[in-house]
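Undergrad: When you get a sec, could you give me coordinates for this:
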Amino acid sequence: MAIKNAFYAQSGGVTAVINASACGVIQTARKHPDKIGKVFAGRNGIIGALREELIDTSLESDEAIQALIHTPGGAFGSCRHKLKNISENPREYERLIEVFRAHDIGYFFYNGGGDSQDTAYKVSQLADRMGYPITCIGIPKTVDNDLPFTDCCPGFGSVAKYIATSTLEASLDIRSMCESSTKVFILEVMGRHAGWIAAAGGLAGQGEGEPPHIILFPEVPFNRDAFLARVDRCVKDYGYCVVVASEGAQYEDGRFLADAGVKDAFGHTQLGGVAPALANMVKQALGYKYHWAVADYLQRAARHIASATDVEQAYAVGQAAVEMAIAGKQAKMPTIVREQSSPYRWSIGEANLSEVANQEKKMPIHFIRDDGFGITSECREYLQPLIAGESFPPFENGLPKVAKLLNQLVPKKLKTEFEI
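TA: I've put the predicted structure just below:
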């Protein structure tokens, strides 16, 4: 079998550990020079393929690639660009094949969430329909932890650790000042339709009265009166109230509390502002002094407090993707299989991209407390091992040391440019 090059791209919102998956891909490919030639990375994800902007990772030193393990963000750039159905926009697919053929690419690794797995699946179908052989493997990544068939998603464990830690630390701050100052603190976290990240805040406390006192999940319809009554009760009983709110919190009719009124590139409602919206409710109805914070990009960029479990799993799915590809598997995604929770043991499995694409895994109802404001012991048992272990990056001059890549593009071979 002729040696073919590989194309790797990062997609969607990046994480603290997505580069660990990239490291897994590149290092594993380098161990199989008889199967894979060069690994080209798309500059800014799939856009890099469409524009023929391919980064030659073979020019990067082994040390630079190894440093990806402790570097957050997307080392090669990411994007939010969803390929349409081939019947709607065949030109995009034709362009991909043109670029892949021009650069002798026979392997396609796409590192992202549900929409990205959909893209990888469409490209695998494209190979059959257009007569160009290319092996397509999706690599799971999403802080939202909402991909099906995998016990957890690389990227989530580190966000969960950050949110649980931040909830704990902020709660101590609020408690120390609540007698004469702030009585309500609201932390807004990511999670459009699934409340996994908000649930992680629940790890900060275990006993009665320990914060967070309220968690708002997208899976539980928001009830303003019940929320305000709970806030008031907590302040009266404990002196303060800490709330962890998912950005996707919504009313019973499906309206988001924080609907910004616009759509993103994937057609999703743009969210933002659930914390100030809740704070305003508290101010108007109860009059308590409040503070709020939005974790935003901080939660998914916090490599300095990444979960060791998450780092290990992120690397493992990158490695497994390459091993699946050279084994001849097609349209698959490596998954995390939980073998037991205590002590925690896991292994790598696989799922079909056709089943993973565009699916969302929400919080199971038995993970949410009956009152809708907290997590159950079953949820705690699930979450705890995912935040376990520390994987601190090296520090230099007091700051984390990160990878510095050349990111040199290969010369273009096609005469035509492509407009996105």
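
Undergrad: Show me the helices in the stretch 301-420 of the chain, by range?
TA: Taking DSSP state H, counting those that start in this stretch to define them, one finds helices in the stretch 301-420 of the chain at 308-326, 353-356, 377-383.

Undergrad: So which of those helices is nearest residue 55?
TA: helix 308-326 (16.2 Å; CB to CB). C-beta: built from backbone N, CA, C; applies to glycine.

Undergrad: Check the offset of the closest one from the chain's centre.
TA: 15 Å (CA atoms, centre = their mean, to the nearest Å).

Undergrad: buried ones in that helix?
TA: Of all the residues in helix 308-326, those buried under the rule 16 or more other CB atoms under 10 Å are 308-326.

Undergrad: What average pLDDT does it get?
TA: Mean pLDDT, computed over helix 308-326, is 98.

Undergrad: Could I get the CA-only coordinates of it as PDB?
TA: The C-alpha trace of helix 308-326 is given here as PDB (Å, rounded to 0.1, in the frame of the first residue of the first chain):
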ATOM      1  CA  ALA A 308      -4.600  14.700  34.800                       C
ATOM      2  CA  THR A 309      -7.300  12.200  33.800                       C
ATOM      3  CA  ASP A 310      -8.500  14.600  31.000                       C
ATOM      4  CA  VAL A 311      -5.000  15.100  29.700                       C
ATOM      5  CA  GLU A 312      -4.300  11.400  29.500                       C
ATOM      6  CA  GLN A 313      -7.600  10.700  27.800                       C
ATOM      7  CA  ALA A 314      -7.200  13.500  25.300                       C
ATOM      8  CA  TYR A 315      -3.800  12.100  24.200                       C
ATOM      9  CA  ALA A 316      -5.200   8.600  24.100                       C
ATOM     10  CA  VAL A 317      -8.000   9.400  21.600                       C
ATOM     11  CA  GLY A 318      -5.500  11.200  19.300                       C
ATOM     12  CA  GLN A 319      -3.300   8.100  19.400                       C
ATOM     13  CA  ALA A 320      -6.200   5.700  18.900                       C
ATOM     14  CA  ALA A 321      -7.500   7.700  15.900                       C
ATOM     15  CA  VAL A 322      -4.200   7.100  14.000                       C
ATOM     16  CA  GLU A 323      -4.100   3.400  15.100                       C
ATOM     17  CA  MET A 324      -7.700   3.000  13.800                       C
ATOM     18  CA  ALA A 325      -6.900   4.600  10.500                       C
ATOM     19  CA  ILE A 326      -3.800   2.500   9.800                       C
END
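
Undergrad: Does it pack against any helices or strands, and if so which?
TA: The elements that helix 308-326 packs onto, with contact taken as 3 or more CB pairs under 8 Å, 6 or more residues apart in numbering; DSSP states H and E, are helix 18-30, strand 105-112, strand 135-140, helix 156-177, strand 332-341, strand 344-352.

Undergrad: mind putting these in a markdown table, mean neighbour count and mean pLDDT included?
TA: A markdown table is the format used below for the helices and strands packed on helix 308-326 (neighbours: other CB atoms under 10 Å; pLDDT from 0 to 100):
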| stretch | mean neighbour count | mean pLDDT |
| --- | --- | --- |
| helix 18-30 | 27 | 98 |
| strand 105-112 | 27 | 98 |
| strand 135-140 | 28 | 98 |
| helix 156-177 | 22 | 98 |
| strand 332-341 | 19 | 98 |
| strand 344-352 | 16 | 98 |
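
Undergrad: so what are the domain limits for this protein?
TA: 4-141+304-358+390-400, 156-302 (automatic domain parsing).

Undergrad: Okay, now the unreliable bits of the stretch 1-150 of the chain?
TA: Scanning the stretch 1-150 of the chain with the threshold set as pLDDT under 70 gives 1.

Undergrad: Just the strands from the stretch 51-200 of the chain, written as ranges.
TA: 54-56, 105-112, 135-140, 184-189 (DSSP state E, counting those that start in this stretch).

Undergrad: So for residue 412, which of the ones you listed sits nearest?
TA: The nearest among these, by CB to CB, is strand 54-56 at 8.6 Å.

Undergrad: elements contacting the closest one?
TA: Against strand 54-56 (3+ CB pairs under 8 Å, 6+ apart) you get strand 36-42.

Undergrad: Could I get the helices and strands packed on helix 308-326 in JSON lines, plus columns for distance to residue 359?
TA: Converted to JSON lines, the helices and strands packed on helix 308-326 look like this (distance: least, CB to CB, whole Å):
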{"stretch": "helix 18-30", "distance to residue 359": "20"}
{"stretch": "strand 105-112", "distance to residue 359": "14"}
{"stretch": "strand 135-140", "distance to residue 359": "12"}
{"stretch": "helix 156-177", "distance to residue 359": "16"}
{"stretch": "strand 332-341", "distance to residue 359": "11"}
{"stretch": "strand 344-352", "distance to residue 359": "10"}
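
Undergrad: Nearest to residue 232, out of these?
TA: Nearest of the helices and strands packed on helix 308-326 to residue 232, taken as CB to CB: helix 156-177 at 16.0 Å.

Undergrad: if we can go back for a sec, any chance of the strands of the stretch 51-200 of the chain in a markdown table, with distance to residue 153 too?
TA: As requested, these are exported to a markdown table (distance: least, CB to CB, whole Å):
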| stretch | distance to residue 153 |
| --- | --- |
| strand 54-56 | 25 |
| strand 105-112 | 10 |
| strand 135-140 | 5 |
| strand 184-189 | 16 |
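
Undergrad: Of those strands, which is nearest residue 407?
TA: strand 54-56 (5.1 Å).

Undergrad: Need the contact partners of the closest one.
TA: 7, 38, 40-43, 48, 76, 99, 103, 407-410 (CB atoms under 8 Å, 6 or more residues apart in numbering).

Undergrad: Out of these, which end up buried?
TA: 7, 38, 40, 41, 42, 43, 48, 76, 99, 103, 409, 410.

Undergrad: Bridge partners for the first one, pull those for me.
TA: With DSSP bridges applied, the residues forming beta bridges to residue 7 are residue 40, residue 108.
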